[in-house]
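Participant: A predicted structure for the sequence below; I have some questions about it.
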Amino acid sequence: MPAAGLTAEYHITENGTSYSAVIDLQEVDRYEFYETGMLGERIPLKVSGVSLSGDCDPCGFTWSGNSAITFPRGNYSLSFQGPVRENHFLATFETPRRVSISLPPGLDLRNPALAMISPGGEVLAGDGQGVMVNWNATRTAEIRFYDEGRENLLYIFANFWIIIAVVLLVPFLLTWRKKQ
């Protein structure tokens with residue numbers, strides 16, 4: 001299987017505070033759970049529900065420190081749950097992967113004033129009115145999403161400033177018209 005054929009699937013929970021992941025691993029004997037910091041440094045990530053599946057039954061692994069697991073070299077599918085902070089999700093990989101991130105109904109990322117998608121991401125309608133973002137071959141998948149409440153606040157804020165602009169512009173336009 002070519003490296004670009006490896007996949008990573010992430011499903012954000014309904015409240016947007018955590019995710020579940022399924023990642024394909026090929027010819028590896030170790031996996032580190034980390035998030036990337038602002039300067040590119042690796043920050044250990046606290047995950048739960050870690051399970052490994054493959055040709056073995058059951059597939060065992062050993063924790064190496066707080067944020068890595070080791071296992072016999074081979075091809076596996078790794079499942080785990082992790083946290084999402086401040087409606088921002090970032091996944092980085094050492095080799096290019098097909099990445100899929102699905103958001104449940106009630107969470108969205110299609111408004112560019114409130115959301116962000118890293119380059120190469122394609123937004124699709126997901127299952128049950130949710131939203132899905134896919135990358136074909138990427139080493140970094142990043143999204144920032146929002147809920148309905150945040151979108152409503154944006155519209156209220158925009159309407160407020162439109163009203164202020166109208167109130168300030170009407171007297172100016174009336175005096176300008178009188179001068180002509």
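Facilitator: Here it is on my side, so go on. Numbers count the residues shown, from 1 in each chain.
Participant: which non-adjacent residue is nearest T36?
Facilitator: Once flanking residues are discounted, T36 sits nearest to T92: 5.2 Å by Cβ to Cβ, 6 or more residues apart in numbering. Any C-beta I mention is one placed from the backbone N, CA and C, and that applies to glycine too.
Participant: which positions within the helix or strand the one you found falls within qualify as buried?
Facilitator: Taking DSSP states H and E as the criterion, T92 maps to strand 88-103. The neighbour-count criterion (16 or more other Cβ atoms under 10 Å) identifies 89, 91, 96-103 as the buried residues of strand 88-103.
Participant: farthest-separated two in the residues you listed?
Facilitator: The widest separation within those, taken as Cβ to Cβ, falls between P96 and L103 and amounts to 22.8 Å.
Participant: re the thing from before, including pLDDT and distance to L25, could the buried residues of strand 88-103 go into TSV?
Facilitator: Rendered in TSV, the data for those read as follows (pLDDT from 0 to 100; distance: Cβ to Cβ, whole Å):
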residue	pLDDT	distance to L25
F89	95	20
A91	93	14
P96	93	14
R97	94	11
R98	96	14
V99	97	14
S100	96	16
I101	96	19
S102	95	21
L103	95	25
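Participant: where in the protein is pLDDT low?
Facilitator: Scanning the chain with the threshold set as pLDDT under 70 gives 1-5, 126-127, 178-180.
Participant: for the strand holding T92, what is the distance to the chain centroid?
Facilitator: On the basis of Cα atoms, centre = their mean, to the nearest Å, strand 88-103 is displaced by 7 Å from the centre of the chain it belongs to.
Participant: what's next to the next helix or strand after it, contact-wise?
Facilitator: Downstream of strand 88-103, the first helix or strand assigned by DSSP H and E is strand 107-108. Outside of strand 107-108, the residues within contact range by Cβ atoms under 8 Å, 6 or more residues apart in numbering are 12, 14, 16, 115, 130-131, 145-148, 151.
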